[in-house]
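Participant: Make a model of this:
(chains A and B)
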Amino acid sequence: GQNIDQPTEMTATEGAIVQINCTYQTSGFNGLFWYQQHAGEAPTFLSYNVLDGLEEKGRFSSFLSRSKGYSYLLLKELQMKDSASYLCAVRVDTGGFKTIFGAGTRLFVKA
Amino acid sequence: NAGVTQTPKFRILKIGQSMTLQCTQDMNHNYMYWYRQDPGMGLKLIYYSVGAGITDKGEVPNGYNVSRSTTEDFPLRLELAAPSQTSVYFCASMKLQVPGQPQHFGDGTRLSIL
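Facilitator: Residues are numbered from 1 along each chain as shown, chains lettered A, B, ... in the order given. Next comes the predicted model:
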């Protein structure tokens, strides 16, 4: 089956760095996405990895190891507005392209 | 740009009632998706469509139906509403041809079945 695991909650301090891990077991892997979702809002796209390695976008970086079924999202210089849920999602090709979402990691940023 | 538009934003239904959640996109995207999100959980795929006239089941299709008569519209139908269908429903669209193209989400429909 298709399965994605990520921690339920994390807490970090404003200005610090936090790493959110994601492990997955899927078939038909076609890319890994990270989305940010504030409470009561729709998910918004943060990053995409399809090849192994690190992708950097400003304060956010995402890493992928396909052989290990592992990804992480790195958030630097944390701000209070970064308090949100972070969803790890894997796109799979099973004859049509679908995206499987993890349950999300709720990040609390404290002053 | 309107993007992905969902209506209604909120709805309360009685058990056994039926309704249609509307979703339309103006980006000429070929793929469209319906998800439900229960409190504190991730998104579960209900149905998806790769283009007009083509639909397929996702992870949790029971109790729902869809149609895709045009590229723009992808309505989700609940025939006999049940309390277990209380959730937030998100519609999303995507154009696959661009590598790394993410899904674009609507603002969601918050549905309560009482």
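
Participant: so who does A:Leu53 touch?
Facilitator: Wrong residue type there; residue A:53 is Gly, not Leu. A:Phe63, A:Leu64 (C-beta atoms under 8 Å, 6 or more residues apart in numbering or on different chains). No exception for glycine: its C-beta is placed from N, CA and C like everyone else's.

Participant: for chain A, what are the nearby residues on chain B?
Facilitator: Residues of chain B lying near chain A by C-beta under 8 Å from any C-beta of the partner chain: B:31, B:33, B:35, B:40-45, B:48, B:50, B:56, B:58-59, B:90, B:94, B:96, B:99-100, B:102-103, B:105-108.

Participant: ChimeraX command to pick out the buried ones of those residues?
Facilitator: To isolate the buried subset of the residues of chain B next to chain A in ChimeraX, counting by 16 or more other C-beta atoms under 10 Å in any protein chain shown, use the following:
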select /B:31,33,35,42,43,44,45,48,50,58,59,90,94,102,103,105,106,107,108
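
Participant: So which of the residues of chain B next to chain A are in strands?
Facilitator: Counted as lying in strands by DSSP state E, out of the residues of chain B next to chain A, are B:Tyr31, B:Tyr33, B:Tyr35, B:Leu43, B:Lys44, B:Leu45, B:Tyr48, B:Val50, B:Asp56, B:Phe90, B:Met94, B:Phe105.

Participant: Need the residues you listed in JSON lines (columns: pLDDT).
Facilitator: Listed next are these as JSON lines, based on pLDDT from 0 to 100:
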{"residue": "B:Tyr31", "pLDDT": "93"}
{"residue": "B:Tyr33", "pLDDT": "96"}
{"residue": "B:Tyr35", "pLDDT": "97"}
{"residue": "B:Leu43", "pLDDT": "94"}
{"residue": "B:Lys44", "pLDDT": "95"}
{"residue": "B:Leu45", "pLDDT": "94"}
{"residue": "B:Tyr48", "pLDDT": "94"}
{"residue": "B:Val50", "pLDDT": "92"}
{"residue": "B:Asp56", "pLDDT": "93"}
{"residue": "B:Phe90", "pLDDT": "98"}
{"residue": "B:Met94", "pLDDT": "92"}
{"residue": "B:Phe105", "pLDDT": "96"}
